[in-house]
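A.B. asks: Sharing a sequence plus its predicted fold:
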Amino acid sequence: MKPVRTTVSRLTPRPVRRVVKLAVRTLWTLPTSGSRLWPDFLIIGAQRAGTTSLYRYLTQHPAVLPMVLSKGAHYFDTGFDKGPAWYRSHFPLKVHAELLRHRLGTRVKTGEGSPYYVFHPLAAHRIAQTLPDVKLILLLRDPVERAYSHYQHEVARGYETLSFAEAIEAEEERLEGEAERMVTDPAYHSFSHQHHSYVARGRYLEQIRRWHEIFPPEQLLILIAEEFFADPAAAMVTVLEYLDLPPWRFPSFPRYNARQYAPMDPSIRRHLTDLFRRPNEELARYLGRSLPWSA
């Protein structure tokens, strides 16, 4: 059932999918939002670090119900003005979860993955106010590889026209004052902060510290993407234990949302490696462990 739905979604043109989602949200899920679940877990990032794969794996578990029509709601970053009823409209019906609970003999859970959450300056506070007990999951990837993957992602979506070297050079100017304006004016949405933050999003420690100021460390599970994909079965054991879900043997671990593109220019790689050397060392000390991309 799920593979068929995924295939149909992939083959349907994006404008058509938008119209269908809007119709379903307006006519069905929004009017029934009060009868729907709140999420038990949020995959908060990082973008291009395996969040789609982790979400797809989790929703294979028989006691995890997927969102309606999407992987992420982007409520706590770009959709907060739409209100809690709109947010709940993304999740399964309580009656569905209850029927499944009786059949499985265990509590059914749901969640979402919106990888801009970790980087957005207001998302952590908004989540704490709305879902104080929600379980948070963060995937970290080599920031050099993540930056290039992010860039290629934005190019493919038509959101970036500069070369990678030009985009890296322009990033500081593009992002200057944007986070501060977002804090001052919560209704303000910064296009560049979301789409052109290739280097800034790789400074993971700044983001993790912000979240740890609001949530206790045990409420944020941090995974390393390279280790996650090297042994996804072992990683999913950790994730299921963290989410208090019954053990389950996953049938397969395909990579989702991966892109093929030309290799990074070696000179840019050297530049980014030097740029991230100290932030990576500080992150490793903070986490109390070595990082595979800094070995």
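C.D. replies: Happy to help now that I have it. Keep in mind the model is a prediction, meaning the values are calculated, not measured.

A.B. asks: Tell me the secondary structure at L138.
C.D. replies: strand (DSSP: H, G, I helix; E, B strand; the rest coil).

A.B. asks: Now do the contacts for it.
C.D. replies: Counting by CB atoms under 8 Å, 6 or more residues apart in numbering, L138 makes contact with 43-46, 118, 208, 211, 220-223. (Glycine included, C-beta is placed from N, CA and C.)

A.B. asks: Go through the residues you listed and flag which are in strands.
C.D. replies: Cross-referencing the contacts of L138 against strands under DSSP state E gives 43-45, 220-223.

A.B. asks: A234: neighbour count?
C.D. replies: Using other CB atoms under 10 Å, A234 has 10 neighbouring residues.

A.B. asks: Check which residues of the helix or strand containing it are buried.
C.D. replies: Assignment of secondary structure by DSSP states H and E places A234 within helix 232-242. Residues of helix 232-242 classed as buried under the neighbour-count rule (16 or more other CB atoms under 10 Å) are 232, 235-236, 239-240, 242.

A.B. asks: center of the chain, which residue is that?
C.D. replies: Residue closest to the average C-alpha location in the chain (CA atoms, centre = their mean): P115, at 2.5 Å.

A.B. asks: In a strand, that residue, correct?
C.D. replies: No: using three-state DSSP, the assignment for P115 is coil, not a strand.

A.B. asks: rewinding a little: for the helix holding A234, the averaged confidence score.
C.D. replies: Taken as a whole, helix 232-242 carries a mean pLDDT of 98.

A.B. asks: Can I get it in CSV? Just the C-alpha atoms.
C.D. replies: In CSV, the C-alpha atoms belonging to helix 232-242 read as follows (Å, rounded to 0.1, in the frame of the first residue of the first chain):
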residue,chain,number,x,y,z
PRO,A,232,20.5,1.4,9.5
ALA,A,233,19.2,-1.7,11.2
ALA,A,234,21.2,-0.9,14.3
ALA,A,235,20.3,2.8,14.1
MET,A,236,16.6,1.9,14.0
VAL,A,237,16.9,-0.2,17.1
THR,A,238,18.1,2.9,18.9
VAL,A,239,15.3,5.0,17.4
LEU,A,240,12.6,2.6,18.4
GLU,A,241,13.9,2.3,21.9
TYR,A,242,14.0,6.1,22.2
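
A.B. asks: just checking, what packs against it?
C.D. replies: Where contact means 3 or more CB pairs under 8 Å, 6 or more residues apart in numbering; DSSP states H and E, helix 232-242 is packed against helix 51-58, strand 135-140, strand 220-224.

A.B. asks: I'd like the ones you listed as CSV, with mean pLDDT and distance to I127 appended.
C.D. replies: Output for the helices and strands packed on helix 232-242, formatted as CSV (pLDDT from 0 to 100; distance: least, CB to CB, whole Å):
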stretch, mean pLDDT, distance to I127
helix 51-58, 97, 16
strand 135-140, 98, 8
strand 220-224, 98, 11
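
A.B. asks: closest one to V108 among those?
C.D. replies: helix 51-58 (12.3 Å; CB to CB).

A.B. asks: Please name every helix or strand in contact with whichever helix or strand comes after that closest one.
C.D. replies: Downstream of helix 51-58, the next assigned helix or strand under DSSP H and E is strand 64-65. On a contact count with 3+ CB pairs under 8 Å, 6+ apart, strand 64-65 meets helix 94-104, strand 109-113.

A.B. asks: re the thing from before, from the middle of its chain, how far away would the helix holding A234 be?
C.D. replies: 17 Å (CA atoms, centre = their mean, to the nearest Å).

A.B. asks: Beyond that helix, next helix or strand please.
C.D. replies: helix 266-287.

A.B. asks: quick one: average pLDDT of that next one?
C.D. replies: Rounded mean pLDDT across helix 266-287 is 97.

A.B. asks: what does that helix contact?
C.D. replies: Residues from elsewhere that reach helix 266-287 (CB under 8 Å, 6+ apart): 140, 143-144, 147, 164-165, 168, 199, 202-205, 208-209, 222, 290-291, 293-294.
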